[in-house]
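Chemist: this one's structure only:
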């Protein structure tokens, strides 16, 4: 019979968390692929000026032109668009 020690219990808990993390990371990867596919097929017909994160893990917000339908960043607004955005 297997003796369940504190070390073995911690290891089993760690493995369970690792497996759960692997599943979640795979799900996130699949979701990101599906979002990219939808964004690629979008016509980007309606855009607006919004504040978005500078990078994925960034806390800095920047002003960019964004598609209203799919949320992809399309580019940089003009100085006039930035001024109008700030006034709102």
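Modeler: Received the coordinates, thanks. Small disclaimer: the values here were computed from a predicted structure and weren't measured. Numbering: from 1, shown residues only.
Chemist: so where's the protein shaky on pLDDT?
Modeler: 1-6, 8-9, 11-15, 17 (pLDDT under 70).
Chemist: Show residues contacting whichever strand or helix holds residue 85.
Modeler: Using DSSP states H and E, residue 85 sits in helix 79-87. Contact with helix 79-87 is made by 49, 63, 65, 77, as judged by Cβ atoms under 8 Å, 6 or more residues apart in numbering. (Each C-beta comes from the backbone N, C-alpha and C, glycine too.)
Chemist: Give me the ChimeraX select line for these, limited to the buried ones.
Modeler: Entered in ChimeraX, the line below selects the buried ones among the contacts of helix 79-87, by 16 or more other Cβ atoms under 10 Å:
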select :49,65,77
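Chemist: Can I get the contacts of helix 79-87 in JSON lines including secondary structure?
Modeler: JSON lines is the format used below for the contacts of helix 79-87 (DSSP: H, G, I helix; E, B strand; the rest coil):
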{"residue": "49", "secondary structure": "strand"}
{"residue": "63", "secondary structure": "strand"}
{"residue": "65", "secondary structure": "strand"}
{"residue": "77", "secondary structure": "coil"}
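Chemist: can you tell me which of the contacts of helix 79-87 lies nearest to residue 28?
Modeler: residue 65 (26.3 Å; Cβ to Cβ).
Chemist: quick check: domain ranges of the protein?
Modeler: Domain assignment for the chain by automatic domain parsing gives 1-41, 43-87.
Chemist: Where does the residue positioned nearest the centre of the chain sit: helix, strand or coil?
Modeler: Residue closest to the mean C-alpha point of the chain, counted by Cα atoms, centre = their mean, is residue 56 at 6.3 Å. Put simply, residue 56 is coil when judged by three-state DSSP.
Chemist: ok so, going back, ok, and which of the domains of the chain has the densest surroundings?
Modeler: domain 43-87 (a mean of 12; mean count of other Cβ atoms under 10 Å).
Chemist: Contact partners for residue 76?
Modeler: Per Cβ under 8 Å, 6+ apart, neighbours of residue 76: 64-65.
Chemist: quick one, phi psi at it?
Modeler: phi -100, psi 140 (degrees, to the nearest 10).
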